[in-house]
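**Q** need the 3D shape of this:
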Amino acid sequence: MPEGDTVYQAAARIRRRFEGQVLRYSQFRVPRYALVDLTGRRVDAVRSIGKHLLIDVGDHAIHSHLKMEGAWMVHPLGTRWRRPGHQARIVLRTDGWEAVGFELGVCEWIPDPDTELSYLGPDLLDPAFDAAAAVTNLTRDPDRPIGTALLDQHLMAGVGNVYRCEACFLRGVRPARPVGEVDVPAMVDLCQRLLVANKDRTVRTTTGNTRRGQQSWVYGRGGRPCLRCRTPIERTFLGDDNSEDRVLYYCPRCQS
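**A** Numbering: from 1, shown residues only. Model prediction:
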């Protein structure tokens, strides 16, 4: 599932081949931007902010969000695509490399991107991450369940459902517990450490084990025994949005 670390890695792949390079071809496969042509323009920077990826070109930026299914792929020019062409939302090429954004939930060409995304909370993978600001944001509503607060990108940017479930498990907290009953500074610190630990990994793990089925403590393990106490992991939802990207996993014994 794409979260802050996934987007950070995607930005790093594009940056390695495109930053400072002149685009020899561009194509938005989004009707609103079908006439935008960036050919001949230089890529100034490629960066991630939480779950958002920005490719800066002059005073505008290509802004993308992977949502659930999206991916950026970078490969030598002429290489066969690894996804069907109808899933491509944008194609960028230099003299020797191609970057393709597939099934992007958001793909747009925007002016002043930092203003556009100013609503986001502190980015957990920003070297200048402001933990105190994140704590202040999260504790503003003490009655809100910690499980919904952690997903609110206005408060802190980068945590998705996997890290939400895993952080709550590691802190021994049920996702439905009110923020006011949670050690929020410790939770913020843990979330940052988890994302930093995984930002350069090819296989995400919160357990330290990269073997299949052993990478996470509770996420995706509904009905299976807890890796700590062997109690079956519960699979449920929090709130009214019973969508698959918001399903919760927790251990009823290890988390209270």
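**Q** then whichever helix or strand E98 is part of to PDB, C-alphas only?
**A** For E98, the host element (DSSP states H and E) is strand 97-102. What follows is strand 97-102 as a C-alpha-only set of coordinates in PDB (Å, rounded to 0.1, in the frame of the first residue of the first chain):
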ATOM      1  CA  TRP A  97      15.200   7.500 -19.800                       C
ATOM      2  CA  GLU A  98      11.400   7.300 -19.400                       C
ATOM      3  CA  ALA A  99       9.200   7.800 -16.400                       C
ATOM      4  CA  VAL A 100       5.600   6.600 -16.500                       C
ATOM      5  CA  GLY A 101       2.900   7.300 -13.900                       C
ATOM      6  CA  PHE A 102       0.400   4.500 -13.900                       C
END
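**Q** flag the shaky bits of the stretch 151-256 of the chain, pLDDT-wise.
**A** 239-245 (pLDDT under 70).
**Q** isn't P232 right up against R221?
**A** No. With contact defined as Cβ atoms under 8 Å, P232 does not reach R221; the gap is 9.1 Å. Glycine gets a C-beta too; all of them are placed from N, C-alpha and C.
**Q** more neighbours: the two, which one.
**A** R221 (20 against 14; other Cβ atoms under 10 Å).
**Q** mind checking the SS state of the more buried one?
**A** Applying DSSP: H, G, I helix; E, B strand; the rest coil to R221 yields a three-state assignment of coil.
**Q** what's near enough to touch the nearest residue to it once chain neighbours are set aside?
**A** Counting by Cβ to Cβ, 6 or more residues apart in numbering, R221 lies nearest to I233, which is 4.5 Å off, once chain neighbours are set aside. For I233, the contact set (Cβ atoms under 8 Å, 6 or more residues apart in numbering) comprises V218, R221, G222, G223, R224, P225, C226, Y249, Y250, C251.
**Q** I'd guessed the fifth one sits against R230; true?
**A** No. R224 is beyond contact range of R230, at 9.7 Å (criterion: Cβ under 8 Å).
**Q** domain ranges for this protein?
**A** 4-116, 131-250 (automatic domain parsing).
**Q** from one end of the first one to the other, what's the distance?
**A** The separation between the terminal residues of domain 4-116, taken as Cα to Cα, to the nearest Å, is 18 Å.
**Q** what is the rounded mean pLDDT of that domain?
**A** The average pLDDT within domain 4-116 is 97.
**Q** what's in contact with stretch 94-107?
**A** 13-14, 17-18, 21-24, 28, 30, 33, 52, 62-79, 81, 83, 87-93.
**Q** mind checking which of the residues you listed are buried?
**A** 14, 17-18, 23-24, 28, 30, 33, 52, 62-66, 70-74, 87-93 (16 or more other Cβ atoms under 10 Å).
**Q** no further queries at this time; thank you.
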